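K.L.:
Mind folding the following:
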Amino acid sequence: DKNNGNSESDGFKRLSLTTRLGWIFTNETSLNFTLRAAGVQSDLDAFGGPGGDDPNHTSDSRQLQVGTTFKSRAFEELLSYSLSYSLASSVRTVENEPDALHPDQSTDYFVGVHSKIESRNEYTLSETQRVNFGAQIQTEMGHSENTFNGVASDLPEKTANSKGLYAIHKYESKTFLSEFGLRQDFRDQFSSIVNYNLNAGYKVPTYESLIYFNYATGFKTPSLVQLYSSYGNQNLNEEKSNSAEFAVEKSWGSSYFVSVSYFINQYHDLIDFDSVTSKYFNIAKSSSKGLELQSKWGPTAHFFLKGT
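P.N.:
Numbering: from 1, shown residues only. Next up, the predicted model:
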(Lines give C-alpha, C1' and ligand atoms only; values in the text may rest on other atoms or scores of the structure.)
Protein backbone atom coordinates (compact mmCIF):
# COMPACT_ATOMS: atom_id res chain seq x y z
CA ASP A 1 0.00 0.00 0.00
CA LYS A 2 1.76 3.14 -1.22
CA ASN A 3 -0.23 5.25 1.26
CA ASN A 4 1.71 3.48 4.04
CA GLY A 5 5.08 3.99 2.35
CA ASN A 6 5.20 0.50 0.85
CA SER A 7 6.50 0.49 -2.73
CA GLU A 8 6.99 -3.21 -3.51
CA SER A 9 4.61 -4.71 -6.07
CA ASP A 10 3.77 -8.09 -4.57
CA GLY A 11 3.66 -10.89 -7.11
CA PHE A 12 1.64 -14.08 -7.37
CA LYS A 13 2.04 -16.70 -10.08
CA ARG A 14 0.11 -19.94 -10.43
CA LEU A 15 0.42 -22.56 -13.14
CA SER A 16 -1.76 -25.67 -13.03
CA LEU A 17 -2.54 -28.64 -15.22
CA THR A 18 -5.37 -31.14 -14.90
CA THR A 19 -5.97 -34.03 -17.25
CA ARG A 20 -8.03 -37.20 -17.29
CA LEU A 21 -7.84 -40.23 -19.55
CA GLY A 22 -10.32 -43.08 -19.52
CA TRP A 23 -11.36 -46.26 -21.27
CA ILE A 24 -14.85 -47.76 -21.21
CA PHE A 25 -14.47 -51.46 -22.01
CA THR A 26 -18.14 -52.38 -21.47
CA ASN A 27 -21.18 -50.78 -19.87
CA GLU A 28 -20.02 -52.23 -16.56
CA THR A 29 -16.23 -51.88 -16.77
CA SER A 30 -14.04 -48.77 -17.01
CA LEU A 31 -10.50 -47.59 -16.27
CA ASN A 32 -9.55 -43.96 -15.56
CA PHE A 33 -6.26 -42.10 -15.09
CA THR A 34 -5.98 -38.59 -13.60
CA LEU A 35 -3.09 -36.15 -13.27
CA ARG A 36 -3.00 -32.81 -11.49
CA ALA A 37 0.03 -30.55 -11.21
CA ALA A 38 0.33 -27.04 -9.79
CA GLY A 39 3.05 -24.55 -9.02
CA VAL A 40 2.62 -21.35 -7.00
CA GLN A 41 5.12 -18.53 -6.44
CA SER A 42 4.29 -15.69 -4.04
CA ASP A 43 5.93 -12.53 -2.73
CA LEU A 44 5.21 -12.19 0.99
CA ASP A 45 5.14 -9.18 3.31
CA ALA A 46 6.19 -9.12 6.94
CA PHE A 47 2.89 -7.52 7.99
CA GLY A 48 0.29 -5.00 6.85
CA GLY A 49 0.75 -1.28 7.32
CA PRO A 50 3.77 1.05 7.28
CA GLY A 51 7.09 -0.75 6.86
CA GLY A 52 5.45 -4.06 6.06
CA ASP A 53 7.17 -4.50 2.70
CA ASP A 54 9.67 -7.36 2.68
CA PRO A 55 11.16 -7.78 -0.81
CA ASN A 56 13.29 -10.78 0.24
CA HIS A 57 10.38 -12.88 1.57
CA THR A 58 9.21 -15.41 -1.04
CA SER A 59 7.29 -18.67 -1.19
CA ASP A 60 7.41 -21.44 -3.79
CA SER A 61 5.25 -24.57 -3.71
CA ARG A 62 4.79 -27.47 -6.12
CA GLN A 63 2.14 -30.21 -6.00
CA LEU A 64 1.69 -33.33 -8.09
CA GLN A 65 -1.17 -35.84 -7.90
CA VAL A 66 -1.63 -38.97 -10.01
CA GLY A 67 -4.24 -41.66 -9.70
CA THR A 68 -5.99 -44.54 -11.42
CA THR A 69 -9.37 -46.20 -10.77
CA PHE A 70 -10.81 -49.46 -12.10
CA LYS A 71 -14.60 -49.98 -11.81
CA SER A 72 -16.78 -52.92 -12.74
CA ARG A 73 -19.91 -54.93 -11.87
CA ALA A 74 -20.58 -58.63 -11.35
CA PHE A 75 -23.26 -61.13 -10.30
CA GLU A 76 -25.91 -59.70 -12.63
CA GLU A 77 -24.88 -56.19 -11.53
CA LEU A 78 -25.74 -56.90 -7.89
CA LEU A 79 -22.10 -56.21 -6.98
CA SER A 80 -20.29 -53.04 -7.97
CA TYR A 81 -16.60 -52.80 -7.09
CA SER A 82 -13.67 -50.47 -7.64
CA LEU A 83 -9.94 -50.47 -6.98
CA SER A 84 -7.95 -47.23 -6.98
CA TYR A 85 -4.40 -46.02 -6.39
CA SER A 86 -3.31 -42.44 -5.77
CA LEU A 87 0.03 -40.73 -5.15
CA ALA A 88 0.41 -37.10 -4.06
CA SER A 89 3.61 -35.16 -3.47
CA SER A 90 4.18 -31.63 -2.21
CA VAL A 91 7.33 -29.49 -2.01
CA ARG A 92 7.24 -26.09 -0.32
CA THR A 93 10.10 -23.57 0.13
CA VAL A 94 9.79 -20.27 2.02
CA GLU A 95 12.85 -18.00 2.16
CA ASN A 96 13.32 -14.71 3.99
CA GLU A 97 16.74 -13.10 3.68
CA PRO A 98 17.60 -10.22 6.05
CA ASP A 99 17.45 -6.56 5.04
CA ALA A 100 17.69 -3.19 6.80
CA LEU A 101 14.06 -3.16 7.95
CA HIS A 102 13.78 -6.89 8.64
CA PRO A 103 17.03 -8.26 10.08
CA ASP A 104 15.73 -11.78 10.81
CA GLN A 105 16.68 -14.60 8.46
CA SER A 106 14.62 -17.75 7.99
CA THR A 107 14.19 -20.68 5.60
CA ASP A 108 11.48 -23.34 5.56
CA TYR A 109 11.68 -26.39 3.34
CA PHE A 110 9.10 -29.21 3.40
CA VAL A 111 8.62 -32.38 1.36
CA GLY A 112 5.59 -34.62 1.79
CA VAL A 113 4.43 -37.76 -0.04
CA HIS A 114 1.13 -39.59 0.46
CA SER A 115 0.04 -42.80 -1.26
CA LYS A 116 -3.21 -44.75 -0.95
CA ILE A 117 -4.65 -48.01 -2.28
CA GLU A 118 -8.39 -48.31 -1.78
CA SER A 119 -11.09 -50.85 -2.55
CA ARG A 120 -14.77 -49.79 -2.50
CA ASN A 121 -17.61 -52.24 -3.04
CA GLU A 122 -21.40 -52.37 -2.81
CA TYR A 123 -23.66 -55.41 -2.87
CA THR A 124 -27.44 -55.13 -3.32
CA LEU A 125 -29.23 -57.58 -1.03
CA SER A 126 -32.77 -56.54 -1.98
CA GLU A 127 -34.78 -53.51 -3.09
CA THR A 128 -34.46 -52.08 0.40
CA GLN A 129 -31.04 -53.30 1.59
CA ARG A 130 -27.45 -52.73 0.50
CA VAL A 131 -24.05 -53.51 1.99
CA ASN A 132 -20.96 -51.39 1.42
CA PHE A 133 -17.53 -52.74 2.31
CA GLY A 134 -13.93 -51.93 1.55
CA ALA A 135 -10.33 -51.50 2.65
CA GLN A 136 -7.58 -48.86 2.58
CA ILE A 137 -3.78 -48.93 2.81
CA GLN A 138 -2.04 -45.58 3.22
CA THR A 139 1.55 -44.41 3.59
CA GLU A 140 2.60 -40.89 4.57
CA MET A 141 6.16 -39.56 4.45
CA GLY A 142 7.34 -36.15 5.61
CA HIS A 143 10.62 -34.26 5.92
CA SER A 144 11.37 -30.59 6.67
CA GLU A 145 14.38 -28.35 7.24
CA ASN A 146 13.83 -25.04 9.02
CA THR A 147 16.21 -22.34 10.26
CA PHE A 148 15.66 -19.04 12.04
CA ASN A 149 18.67 -16.79 12.47
CA GLY A 150 20.95 -19.79 12.14
CA VAL A 151 19.04 -22.00 14.61
CA ALA A 152 17.84 -25.25 13.00
CA SER A 153 14.46 -26.84 13.68
CA ASP A 154 14.22 -29.90 11.46
CA LEU A 155 11.76 -32.73 11.07
CA PRO A 156 13.80 -35.85 10.23
CA GLU A 157 12.33 -38.05 7.52
CA LYS A 158 9.55 -40.11 9.03
CA THR A 159 7.01 -42.53 7.62
CA ALA A 160 3.59 -43.54 8.93
CA ASN A 161 1.61 -46.53 7.65
CA SER A 162 -2.07 -47.18 8.22
CA LYS A 163 -4.66 -49.77 7.20
CA GLY A 164 -8.43 -49.74 7.50
CA LEU A 165 -11.39 -52.09 6.96
CA TYR A 166 -15.06 -51.11 6.97
CA ALA A 167 -18.55 -52.46 6.38
CA ILE A 168 -21.89 -50.59 6.27
CA HIS A 169 -25.43 -51.99 6.14
CA LYS A 170 -28.08 -49.67 4.66
CA TYR A 171 -31.84 -50.12 4.77
CA GLU A 172 -34.50 -47.85 3.28
CA SER A 173 -38.22 -48.39 2.85
CA LYS A 174 -41.10 -45.99 2.24
CA THR A 175 -41.26 -45.02 5.90
CA PHE A 176 -38.05 -46.14 7.62
CA LEU A 177 -34.34 -45.87 6.95
CA SER A 178 -31.30 -47.04 8.89
CA GLU A 179 -27.54 -47.35 8.53
CA PHE A 180 -25.05 -49.18 10.69
CA GLY A 181 -21.33 -49.15 10.01
CA LEU A 182 -18.16 -50.56 11.57
CA ARG A 183 -14.57 -49.60 10.80
CA GLN A 184 -11.30 -50.92 12.19
CA ASP A 185 -8.03 -49.03 11.70
CA PHE A 186 -4.41 -49.97 12.32
CA ARG A 187 -1.60 -47.38 12.40
CA ASP A 188 2.07 -47.47 13.35
CA GLN A 189 2.76 -46.85 17.06
CA PHE A 190 -0.95 -46.98 17.93
CA SER A 191 -3.14 -49.92 18.86
CA SER A 192 -5.96 -50.89 16.50
CA ILE A 193 -9.20 -49.02 17.07
CA VAL A 194 -12.83 -49.79 16.16
CA ASN A 195 -15.37 -47.07 15.43
CA TYR A 196 -19.02 -47.29 14.51
CA ASN A 197 -21.83 -45.19 13.10
CA LEU A 198 -25.58 -45.59 13.63
CA ASN A 199 -28.35 -43.74 11.77
CA ALA A 200 -32.09 -44.24 12.10
CA GLY A 201 -34.86 -42.22 10.50
CA TYR A 202 -38.63 -42.23 10.15
CA LYS A 203 -40.38 -40.73 7.11
CA VAL A 204 -43.79 -39.12 7.30
CA PRO A 205 -44.86 -38.96 3.65
CA THR A 206 -48.16 -37.23 4.43
CA TYR A 207 -46.28 -34.24 5.84
CA GLU A 208 -43.16 -34.57 3.63
CA SER A 209 -41.10 -34.85 6.82
CA LEU A 210 -38.21 -36.88 8.17
CA ILE A 211 -37.17 -37.46 11.78
CA TYR A 212 -33.74 -38.99 12.28
CA PHE A 213 -31.05 -39.71 14.86
CA ASN A 214 -27.32 -40.25 14.39
CA TYR A 215 -24.62 -41.46 16.77
CA ALA A 216 -20.99 -41.98 15.77
CA THR A 217 -17.54 -42.48 17.22
CA GLY A 218 -14.30 -41.36 15.59
CA PHE A 219 -10.57 -40.92 16.03
CA LYS A 220 -7.63 -38.98 14.60
CA THR A 221 -3.98 -39.92 15.01
CA PRO A 222 -1.30 -37.23 15.48
CA SER A 223 0.42 -35.98 12.34
CA LEU A 224 4.13 -36.48 11.67
CA VAL A 225 4.79 -32.83 12.60
CA GLN A 226 2.90 -33.20 15.89
CA LEU A 227 4.91 -36.31 16.74
CA TYR A 228 8.45 -35.79 15.44
CA SER A 229 9.21 -32.12 14.78
CA SER A 230 11.06 -29.95 17.28
CA TYR A 231 7.59 -28.97 18.54
CA GLY A 232 6.42 -32.57 18.56
CA ASN A 233 5.55 -34.91 21.37
CA GLN A 234 5.96 -38.66 20.80
CA ASN A 235 3.81 -39.36 23.88
CA LEU A 236 0.69 -37.95 22.22
CA ASN A 237 -2.44 -40.10 22.24
CA GLU A 238 -4.85 -40.25 19.31
CA GLU A 239 -7.91 -37.98 19.50
CA LYS A 240 -11.21 -39.77 20.14
CA SER A 241 -14.69 -38.39 19.63
CA ASN A 242 -18.36 -39.22 20.25
CA SER A 243 -21.11 -37.32 18.49
CA ALA A 244 -24.91 -37.43 18.53
CA GLU A 245 -27.49 -35.55 16.50
CA PHE A 246 -31.28 -35.39 16.48
CA ALA A 247 -33.00 -33.63 13.59
CA VAL A 248 -36.36 -32.93 12.00
CA GLU A 249 -36.71 -32.06 8.30
CA LYS A 250 -39.77 -30.68 6.53
CA SER A 251 -40.36 -30.04 2.82
CA TRP A 252 -43.03 -28.17 0.95
CA GLY A 253 -42.85 -29.74 -2.49
CA SER A 254 -39.60 -28.95 -4.28
CA SER A 255 -39.67 -25.22 -3.54
CA TYR A 256 -39.01 -25.02 0.21
CA PHE A 257 -37.08 -27.06 2.77
CA VAL A 258 -36.22 -26.50 6.43
CA SER A 259 -34.42 -28.59 9.05
CA VAL A 260 -33.76 -28.16 12.77
CA SER A 261 -31.08 -30.24 14.52
CA TYR A 262 -29.54 -30.48 17.97
CA PHE A 263 -26.01 -31.88 18.24
CA ILE A 264 -23.53 -32.85 20.97
CA ASN A 265 -19.82 -33.54 20.36
CA GLN A 266 -17.43 -34.91 22.99
CA TYR A 267 -13.65 -35.14 22.50
CA HIS A 268 -11.03 -37.03 24.47
CA ASP A 269 -7.28 -36.35 24.22
CA LEU A 270 -7.83 -33.44 21.82
CA ILE A 271 -4.47 -32.31 20.40
CA ASP A 272 -3.52 -28.66 20.95
CA PHE A 273 -0.37 -26.51 20.91
CA ASP A 274 1.12 -24.96 24.06
CA SER A 275 2.65 -21.58 23.16
CA VAL A 276 4.52 -21.49 26.50
CA THR A 277 6.39 -24.79 26.08
CA SER A 278 6.20 -24.76 22.25
CA LYS A 279 5.00 -28.36 22.33
CA TYR A 280 1.89 -30.23 21.29
CA PHE A 281 -0.14 -31.84 24.06
CA ASN A 282 -3.43 -33.66 24.74
CA ILE A 283 -6.43 -31.96 26.30
CA ALA A 284 -8.14 -34.53 28.54
CA LYS A 285 -11.74 -33.62 27.60
CA SER A 286 -13.56 -31.10 25.48
CA SER A 287 -17.17 -30.80 24.28
CA SER A 288 -19.48 -28.71 22.14
CA LYS A 289 -23.22 -28.63 21.60
CA GLY A 290 -25.65 -26.49 19.74
CA LEU A 291 -28.77 -26.00 17.68
CA GLU A 292 -28.64 -25.60 13.90
CA LEU A 293 -31.35 -24.31 11.55
CA GLN A 294 -31.07 -24.80 7.79
CA SER A 295 -33.43 -23.71 5.05
CA LYS A 296 -33.61 -23.66 1.27
CA TRP A 297 -36.01 -21.81 -0.97
CA GLY A 298 -36.12 -22.54 -4.70
CA PRO A 299 -39.05 -20.86 -6.44
CA THR A 300 -37.78 -21.97 -9.88
CA ALA A 301 -35.51 -24.66 -11.28
CA HIS A 302 -32.80 -22.04 -11.96
CA PHE A 303 -32.86 -20.00 -8.73
CA PHE A 304 -32.54 -20.89 -5.05
CA LEU A 305 -31.48 -19.42 -1.71
CA LYS A 306 -29.80 -21.34 1.14
CA GLY A 307 -29.37 -20.26 4.73
CA THR A 308 -27.91 -21.71 7.93
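
K.L.:
Check which helices and strands the top strand by length along the chain is in contact with.
P.N.:
As assigned by DSSP state E, the longest strand anywhere in the chain is strand 279-300. When contacts are defined as 3 or more C-beta pairs under 8 Å, 6 or more residues apart in numbering; DSSP states H and E, strand 279-300 sits against strand 256-274, strand 303-307. For every residue, glycine as well, the C-beta is placed using N, CA and C.

K.L.:
Go through these and pick out the most buried.
P.N.:
Neighbour counts (mean count of other C-beta atoms under 10 Å) averaged over each of the helices and strands packed on strand 279-300 peak at strand 256-274, with a mean of 15.

K.L.:
That one to strand 279-300, inter-axis angle?
P.N.:
Angle, strand 256-274 to strand 279-300, by axes from the mean of the first three to the mean of the last three C-alpha atoms, to 10 degrees: 170 degrees.

K.L.:
Direction included, what does strand 256-274 pair against?
P.N.:
strand 239-252 (antiparallel), strand 279-300 (antiparallel) (DSSP bridges).

K.L.:
how far does it sit from the chain's center?
P.N.:
16 Å (C-alpha atoms, centre = their mean, to the nearest Å).

K.L.:
can you check stretch 222-239 too?
P.N.:
Mean C-alpha position of stretch 222-239 versus that of the full chain (C-alpha atoms, centre = their mean) differs by 19 Å.

K.L.:
buried residues in that stretch?
P.N.:
Of all the residues in stretch 222-239, those buried under the rule 16 or more other C-beta atoms under 10 Å are 222-229, 232-233, 236, 238-239.

K.L.:
before we move on, what about stretch 61-75?
P.N.:
Neighbour-count burial for stretch 61-75 [16+ other C-beta under 10 Å]: 61, 63-65, 67-69, 71-72.

K.L.:
Could you tell me which of the residues you listed belong to helices?
P.N.:
Using DSSP state H, no member of the buried residues of stretch 61-75 sits in helices.

K.L.:
In TSV: the residues you listed, plus distance to residue 176 and pLDDT.
P.N.:
Converted to TSV, the buried residues of stretch 61-75 look like this (distance: C-beta to C-beta, whole Å; pLDDT from 0 to 100):
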residue	distance to residue 176	pLDDT
61	49	92
63	45	95
64	47	96
65	41	97
67	38	97
68	39	97
69	34	97
71	31	96
72	32	96
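
K.L.:
Mind putting the residues you listed into a markdown table with distance to residue 162?
P.N.:
Formatted as a markdown table, these follow (distance: C-beta to C-beta, whole Å):
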| residue | distance to residue 162 |
| --- | --- |
| 61 | 25 |
| 63 | 22 |
| 64 | 22 |
| 65 | 19 |
| 67 | 18 |
| 68 | 21 |
| 69 | 20 |
| 71 | 24 |
| 72 | 27 |
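
K.L.:
so which of those residues comes closest to residue 257?
P.N.:
Distance to residue 257 across the buried residues of stretch 61-75 (C-beta to C-beta) is lowest for residue 71, with 32.3 Å.

K.L.:
what's the residue lying closest to that closest one once chain neighbours are set aside in contact with, if anything?
P.N.:
Nearest in space to residue 71, with sequence neighbours left out and distances taken as C-beta to C-beta, 6 or more residues apart in numbering, is residue 82 at 4.4 Å. Listed by C-beta atoms under 8 Å, 6 or more residues apart in numbering, the contact partners of residue 82 are 69-72, 119-121.

K.L.:
For the helix or strand hosting residue 192, which helices and strands make contact with it?
P.N.:
According to DSSP states H and E, residue 192 maps onto strand 190-204. Strand 190-204 is packed against strand 176-187, strand 209-220, with contacts defined by 3+ C-beta pairs under 8 Å, 6+ apart.

K.L.:
if we can go back for a sec, who does the residue nearest to residue 71 form a beta bridge with?
P.N.:
When bridges are called by DSSP bridges, residue 82 pairs up with residue 71, residue 120.

K.L.:
and it, what pLDDT?
P.N.:
Here the pLDDT value assigned to residue 82 is 97.

K.L.:
The residue sitting furthest away from the middle of the chain: what secondary structure?
P.N.:
In the chain, residue 100 marks the outermost C-alpha relative to the chain mean, sitting 41.3 Å out by C-alpha atoms, centre = their mean. Assigned by DSSP: H, G, I helix; E, B strand; the rest coil, the conformation of residue 100 is coil.

K.L.:
Same check on the one 4 residues further on?
P.N.:
Using three-state DSSP, the structure places residue 104 in coil.

K.L.:
The closest residue in space to it that isn't next to it in sequence and residue 105, how far apart?
P.N.:
Nearest in space to residue 104, with sequence neighbours left out and distances taken as C-beta to C-beta, 6+ apart, is residue 149 at 5.9 Å. As judged by C-beta to C-beta, to the nearest Å, residue 149 and residue 105 stand 6 Å apart.
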